[in-house]
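[1] Please find the sequence and the predicted model below.
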Amino acid sequence: MCKATSPIPISGRGVDAAPPSVNVARSLVEWLGGRYGKRGARTFRARIAVQSLFALTCVALGLQFAHWVGAAREGTLPLPARPAGVEAFLPISGLMGLLDWIYRGSLNVVHPAATVLVLIAIALALLMRKSLCSWICPIGFLSELLARLGRAAFGRNFKPTKWLDVPLRGLKYLLMGFFLLSIAAMGRDALTAFLTSPYNKVADVKMGLFFTQMSPVGLGIVGVLVVGSVFIQGLWCRYLCPYGALLGLFSWASPSRIRRDATRCVDCGLCDKACPSRLPVASKLRISSPDCSGCMDCVAVCPVKGALAMKVGRHAVSPVAYAAAVVVLFLASYVGARASGAWQSRISDREYVERIQHIQSNEYGHPGMQNP
Ligand code: SF4
Ligand code: SF4
C-alpha cells in the first residue's frame, strides 16, 4: 500500500507502533470480547471470566469464614478477620435491614453488609438490568455450568412446554411476594427485634451449618435442584429465585435495553439460541422482559455489526464496556461501603465466641418458630 492511501494516522503512530503493553491490553480486550461454546449456545467470554472471578472470591470468603467460625468455637481471642461478604447469602436479612434503615434512618449494626449488598443489587438492576444475576451471582454461574454439563452429556437441555413453563415462571414472584409481605407486615419494632435477635446475630453461621451439616431433607432439596439444573437450563433462576424476581421488577425501570435493528438483522436466530433466559430476541425490536439479565450473550453472538446492541438511552454500549461497568460499579460500591464503615458488623469478638459456642441451644432457634 502506498503511503498516500495508508490508514496510518497523521500522528504517524499506527496500531503496531503502540507500546507493547497497549498491544497486550488490546489483545486481551479482543479475547474477552470473543465467544465461548458451540454455535448457537455461545457465552460471552468476558462474562465467564467475571463469573469465575466472583465464584473464586466466594470460595475464598467461604474458607476464611470457616476458619473464623473454627476459631470462635475454640474461643481464640482476638478472632481472625470475619469476611462480611458472606452476608451476601442473607438476602432476607438484608431486605429486612433495608426496611429497618428506612424506618429508623440508621443502618443496623448486626449484618450491615447484607443490607448494603441488597442496595447494590437494586442499584445495579436500576442501571444495568439484572446484571447481578448474570455476572456476579455464584449460584447463577453454577446453574449455567450444570446446564452446560447437561448439553455436553445429552446434546441439549430440556424445556418444559409452554403451558407448564408460564405458571412455573410465576412461582418466583409468589415466593417474592410472600417474603415482601411477611417483612412489610412485621412493623417497625418487630423488625428491629428480629434484626437484633440472637438468631439473626448468628444467621450467617447457621447458613454455613445448613450447607456443611445438611439434614436429609435439605440434601434432598439441593440434590433435586442440582440434578434438575443439568436437565433444565436455569431451573433455580428461571422458576424459583425470589431475589432475581425482585431485581427483575427493578430492572423494568432501567434505561438499559437490548435493541435490534431490523434493517441490519439477517434473521439468523443465533441470539435466540444464545439467550440463557430463552427470550425471543430475534423477533423483537427491544427486550423489556424482567427476565433479561443483561448478560450480553445475544450481542456477543450476533454476526452482524450493529444489528443488536445494549443501548443505554440512545447510546450503544459494547459488550466489553458493559462487563467493565458492572465490575467497576460493584467494586466501587463495595469499597465505598467499607470506607464509610457500613460493612463490618459491630458485634464484638467476645460476643461472637459466646454465641457460636452455644449455637445449638434453643436460644438460637428462629424467633418465628419458638414456643412462647
Ligand atoms: S436478551 Fe440478551 S442480554 Fe437479555 S438475557 Fe437474553 S441474551 Fe442476555
Ligand atoms: S439480531 Fe443478530 S443474531 Fe439475532 S437474528 Fe438478527 S442477525 Fe441474527
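    Arrived safely. Numbering: from 1, shown residues only. Ligands and ions are numbered 1, 2, ... in the order given.
[2] so where do the strands sit in the protein?
    Per DSSP state E, the chain carries strands over the ranges 35-36, 43-44, 256-260, 286-287, 308-312, 315-317.
[3] Would you mind listing the outside residues contacting the last one?
    Residues from elsewhere that reach strand 315-317 (CB atoms under 8 Å, 6 or more residues apart in numbering): 256, 306, 309-311, 325. In this view, the C-beta of every residue, glycine as well, is placed from N, C-alpha and C.
[4] which of the residues you listed sit farthest apart?
    Greatest spatial distance in the contacts of strand 315-317: Gly306 and Ala325, 20.2 Å, computed using CB to CB.
[5] Looking at these two, which is more packed in?
    The neighbour comparison of Gly306 against Ala325 (other CB atoms under 10 Å) goes to Ala325, with 17 against 11.
[6] Next, count neighbours for Ser215.
    9.
[7] any idea how far ligand 1 is from it?
    Plainly put, Ser215 is 35 Å away from ligand 1 if you go by CB to the nearest ligand atom, to the nearest Å.
[8] Alongside ligand 2, which residues does the chain contribute?
    Within the chain, the positions lying close to ligand 2 (CB under 6 Å from any ligand atom) are 260, 265-271, 281-282, 302, 304, 307-308.
[9] out of the residues you listed, which are buried?
    When those are checked for burial by 16 or more other CB atoms under 10 Å, the buried set is 260, 265, 270-271, 281-282, 302, 307-308.
[10] and which of the residues you listed is nearest to ligand 1?
    Distances from ligand 1 to these, taken as CB to the nearest ligand atom, are shortest for Val281 (4.9 Å).
[11] now the closest one: how far from Ser134?
    To Ser134, Val281 is 14 Å away according to CB to CB, to the nearest Å.
[12] again, but for Ile102
    In terms of CB to CB, Ile102 sits 28 Å off from Ser134.
[13] neighbours around the closest residue to Cys295 other than its chain neighbours, how many?
    Nearest non-adjacent residue to Cys295, counting by CB to CB, 6 or more residues apart in numbering: Ser134, 3.7 Å away. A count of neighbours around Ser134, defined by other CB under 10 Å, yields 28.
[14] doesn't Arg47 make contact with Ser134?
    Yes. Using CB atoms under 8 Å, Ser134 is in contact with Arg47, at 6.7 Å.
[15] can you list residues touching both of these two?
    Cys295.
[16] Leaving out sequence neighbours, find the closest residue to Gly365.
    Nearest-residue entry for Gly365: Tyr199, 6.6 Å, with adjacent residues in sequence omitted and distances by CB to CB, 6+ apart.
[17] My guess is Glu299 contacts Gly306. True?
    Heads up, residue 299 is Val, not Glu. No. If you go by CB under 8 Å, Val299 and Gly306 don't touch, sitting 10.6 Å apart.
[18] tell me which parts of this structure are close to ligand 1?
    258, 274-275, 277, 279, 281, 287, 292-298.
[19] OK, contacts around Tyr334?
    Shown in contact with Tyr334 (CB under 8 Å, 6+ apart): 120, 343.
[20] Let's see the pLDDT reported for it.
    Listed pLDDT for Tyr334 reads 95.
[21] same check, this time on Val15
    At Val15, pLDDT is 47.
[22] shaky segments in this protein?
    Residues of the chain that meet the criterion pLDDT under 70 lie in 1-17, 28-43, 368-372.
[23] need the longest helix for it.
    helix 45-74 (DSSP state H).
[24] For that one, name the packing helices and strands.
    If contacts are counted by 3 or more CB pairs under 8 Å, 6 or more residues apart in numbering; DSSP states H and E, helix 45-74 sits against helix 20-32, strand 35-36, helix 138-154, helix 203-212, helix 319-339, helix 349-357.
[25] Could you rerun that using 10 Å?
    helix 20-32, strand 35-36, helix 138-154, helix 203-212, helix 297-301, helix 319-339, helix 349-357 (3 or more CB pairs under 10 Å, 6 or more residues apart in numbering; DSSP states H and E).
[26] Please produce JSON lines containing those, extended by distance to Ile232.
    Below are the helices and strands packed on helix 45-74 laid out as JSON lines (distance: least, CB to CB, whole Å):
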{"stretch": "helix 20-32", "distance to Ile232": "29"}
{"stretch": "strand 35-36", "distance to Ile232": "22"}
{"stretch": "helix 138-154", "distance to Ile232": "8"}
{"stretch": "helix 203-212", "distance to Ile232": "22"}
{"stretch": "helix 297-301", "distance to Ile232": "18"}
{"stretch": "helix 319-339", "distance to Ile232": "26"}
{"stretch": "helix 349-357", "distance to Ile232": "38"}
